[in-house]
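# from the sequence below, what's the structure:
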Amino acid sequence: MTFAVEAEPKSEVAVAGSFNDWQPLPLACEKSVAGVKFKKMIYLPAGRYEYKFLINGSWSIDPNCPSWSPNEFGSLNSVVNVG
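Numbering: from 1, shown residues only. Got it, this is the predicted structure:
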């Protein structure tokens, strides 16, 4: 599974979720014609996973993910089904 999100250059971006006990993993910065994208490929066995991005210290859902689930903090987590 590749997690990717656009952010401002020099941002600190990580992904965390149910797949790693919500421990943020840094994403690598890749510059493209369209802008700056941060990516991280993680092998995940089949299953349902909730996750969020941590961008400059602020939690954010994945704007490109159409599935979300409410969390215990009153906000949403992005949801991906790996199959």
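# C-alpha from now on. contacts and neighbour counts both.
Fine.
# output the lowest mean pLDDT helix or strand found in the protein.
Least confident helix or strand, the chain: strand 28-32 with a mean of 80, by mean pLDDT, DSSP states H and E.
# packing partners for the following helix or strand past that one?
The first helix or strand that comes after strand 28-32 along the chain, using DSSP states H and E, is strand 35-41. Applying 3 or more C-alpha pairs under 8 Å, 6 or more residues apart in numbering; DSSP states H and E, we find strand 35-41 packed against strand 2-6, strand 28-32.
# partner strands of the least confident helix or strand of the chain, with direction?
strand 35-41 (antiparallel) (DSSP bridges).
# any idea how far the partner strand is from the chain center?
Taking C-alpha atoms, centre = their mean, to the nearest Å, one finds strand 35-41 lying 10 Å from the centre of the chain it belongs to.
# over to stretch 12-31?
That offset, for stretch 12-31, works out to 6 Å (C-alpha atoms, centre = their mean).
# what's in contact with that stretch?
For stretch 12-31, contacts defined as C-alpha atoms under 8 Å, 6 or more residues apart in numbering pick out 3, 7, 36-40, 44, 49-57.
# all good on my end, thank you.
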